[in-house]
Every structure is written in structure tokens, then in C-alpha cells.
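> how would this look folded up:
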Amino acid sequence: MQQVRDYYFRTLDRLTRVLTNFSDPPSADTFGRLERLLRLIDLRTAAGDPPSLDTQKSGLPILKEVVSVSNDLQQPPQIGRTLADIKSSMLDEMLARRRMPGRELIAEAAAAVYAAELRSGHATSFQPDAERSFDRSLVRSERGAGVWVRASWDYWDGAEGRAVRSYADFGGPGEVSDEVLLVEAQRAASIANRFSGAGFKPLTLADQIDAAMDSLRLKRLVRVTVGPFLSDVFYTSEDALMPMIRAADDLENAWAIRWSVDTLASAGTRMVGGGLFSSPRPQEVFDVNTADPDCAQRGVTEVAHHIAMPHAMYQRIAGRRDEHSTLRNAHYHVIAAGDRLIEYA
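Predicted coordinates for the structure are as follows:
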């Protein structure tokens, strides 16, 4: 069991670490936050029960594991002794008493390492919902003609067991103060928390956010969805890649991870409403690409499907990419020797 656990976290650490160098900034940022979260889950469960995984939907940890780490980030657990004291006790066991440290001492050491990691800076760790992770920043144009506000947030989709990170770009008038615009952008946090899951299209989320804005206009929404992590050990559902993964000889190279990037862009602003006792208000019109069936179904302007895998696995798949639409329409990225990333293979 311990070997399986080590293989799981070792593999995910490798792929998330490599994909933080991906050329698409939203994808790279998402995998960076995911890398940090998985590291914390690994430490949190190192000396106790193994983490619970969603083996049917994603091969990733379930929502409960993400919430537990998030709660610990907000209020780190107290430890009885410092890590230095625990290390000294472990050395004493091995050198003076000539025996391996007992389970209780190992558990104490794991808890101390976890607590130290929690205090080392949690801002980059993936969070379970938008309200805990919502962030926004403001940039004014050099000529003062307008302002851009970028917001971002995490959402762990419990129904699908997948990591979802979103980015929203707003345009605003230059004459409104920074404070007013940032407060307005914060309204999107509660809306994002309700409409970020896989059950809602980006268009639905965008319409809801835009309707809540006064001065800001939502110009672009990007949603990165990570999962499933495909492995014969941790994923039990079917996928076009699974027959090739099951046929692999080397477990270290028998995996792949899928993720998608949905982008919804504004096509312009129109005035709606207005009457005897009310003035018309601006409303964003979003560009859904109805000519592309995938985009039309997802409610987006464009979508990119990605798959990353070890080089040995790519060699098995390269000649079979036309066998299924989910393989034919994907972008492939190879993690080669020395953890070198080969994009768009």
C-alpha cells in the first residue's frame, strides 16, 4: 500500500511540476497551484490513512481532502515539539539505540513537516471554492482612458472530482476610483462560487457576473479544468487512452492527464432595458462559436483539449490518434527524459 501511495504522489508531483512551465499562462498557473495542494495532501496523510480518491470520475483527491487542507491553511494545527527536536529523537533511536524510529515518532515528524509547510506561504495553493481563493488586481492604461481588472479563483468540482480555475478580465471607465472598481469586482466571488462547476457553462457564469456589474464590463472569461488523471491503478472508468495505458509494461510510464481550456470572449456591449422610470443599462454580448459543435455545446468562443504523458506512453499512442474523437481533437504534450516538456507533439 505504501508503495502505491508513493507512486501516486510521485507521479502527480512530477507532472504538475513540469506543467508549471507550460506556455499557456492559465494552464501553468493552475498546475502550479495544484502542485502545492497535492504536496500538502501528501504531507497531511503521510502517517495516517491514505487520502480518498475519486477513482470513477477523475483519479484525483475528493473534495473532502481539499477542504481539510484549506481549513488547515486558515488555522494551522499546533505541534508539541519543534521539527529539530523530533529529528534529534529520531537520530537517537537510530544511532544510540540502533533501531528504526517507531510509528508514533514518524507520525509526529510528519505532522511537524506538514505544519511547517502550511506556514511557508499558502497563497499559491489550490482552494476548494471561489470565496476562499478569489483574487483581483487593477491596471490603469497609461493615458488614463480606461482600466482593466483581472480576477481569478479556484473551484474543486466535487461532482466530477476535478480542479477548476477561472480567470476573468473586466474593462472599466478611467474616471471611477480604483477602490470602487475593486469592490465591484469582488461581487463576482459569490456568483463564481455558485456557477463554476462543470454543470454550468462559461456562458451562464459570464451572464450572471456581467449582470451584477455597474461600471465594469466582463470582456474575457477563461476556465481551466484539470482531470481525469488516467492510470490503471487510480482510475476505473473508461477512456480512449485506457487500453493503451493498461497495455504498458512500465507502471512509471503508464499514465496520462487530461485538461481543457475554455475561453469565452465578449463580442461587444449593447444597451438594454430602459423605460418610463428607468434608464437603459449596458449588457455584454458574448461570442459563442456556434459553427463549432464543441464550442456551441460548451457555450464558449474556443476550447482547447490537452493531454500530457510520458514519452514512452506517447510512442504507444502517436500512431493511434485518429481512432477516437477525444484523441484526434486533443493537443499532446510529452514529458521526456530529464523532465523536459515537449509541447504540441
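> any idea how far K201 is from F22?
F22 is 25 Å from K201, where distance means CB to CB, to the nearest Å. For every residue, glycine as well, the C-beta is placed using N, CA and C.
> which stretches of the protein have low pLDDT?
Applying pLDDT under 70 to the chain flags residues 1, 121-123, 142-145, 275-276.
> What is the burial count for the closest residue to E323 other than its chain neighbours?
Distance criterion CB to CB, 6 or more residues apart in numbering; nearest residue to E323, sequence neighbours excluded, is A240 at 7.0 Å. Neighbour count of A240, defined by other CB atoms under 10 Å: 18.
> right, and A240 touches R328 too?
No. The pair A240 and R328 fails to qualify as a contact (CB atoms under 8 Å) at a distance of 9.3 Å.
> contacting residues for I317?
Counting by CB atoms under 8 Å, 6 or more residues apart in numbering, I317 makes contact with L241, M244, M309, L327, Y332.
> Distance check, it against S68.
Per CB to CB, I317 is found 36 Å from S68.
> Let's have the contacts of I317 in JSON lines, adding distance to L181, secondary structure and neighbour count.
Below are the contacts of I317 laid out as JSON lines (distance: CB to CB, whole Å; DSSP: H, G, I helix; E, B strand; the rest coil; neighbours: other CB atoms under 10 Å):
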{"residue": "L241", "distance to L181": "45", "secondary structure": "coil", "neighbour count": "24"}
{"residue": "M244", "distance to L181": "50", "secondary structure": "helix", "neighbour count": "19"}
{"residue": "M309", "distance to L181": "43", "secondary structure": "strand", "neighbour count": "26"}
{"residue": "L327", "distance to L181": "44", "secondary structure": "helix", "neighbour count": "18"}
{"residue": "Y332", "distance to L181": "41", "secondary structure": "strand", "neighbour count": "18"}
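> Pick the one among the residues you listed closest to L34.
M309 (16.8 Å; CB to CB).
> in which helix or strand would I find the spatially closest residue to M242 that is not a sequence neighbour?
By the measure of CB to CB, 6+ apart, the closest residue to M242 outside its immediate chain neighbours is L230, 6.4 Å from it. Secondary structure assigned from DSSP states H and E places L230 in strand 217-231.
> before we move on, what about D85?
Per DSSP H and E: D85 is located in helix 83-91.
> And the contacts of that helix?
Applying CB under 8 Å, 6+ apart, the contact partners of helix 83-91 are P101, L105, E108, A109, A112, V113, A116.
> ok, which stretches of the protein are strands?
53-54, 60-61, 135-140, 146-157, 162-173, 217-231, 255-272, 281-287, 302-310, 330-336, 340-342 (DSSP state E).
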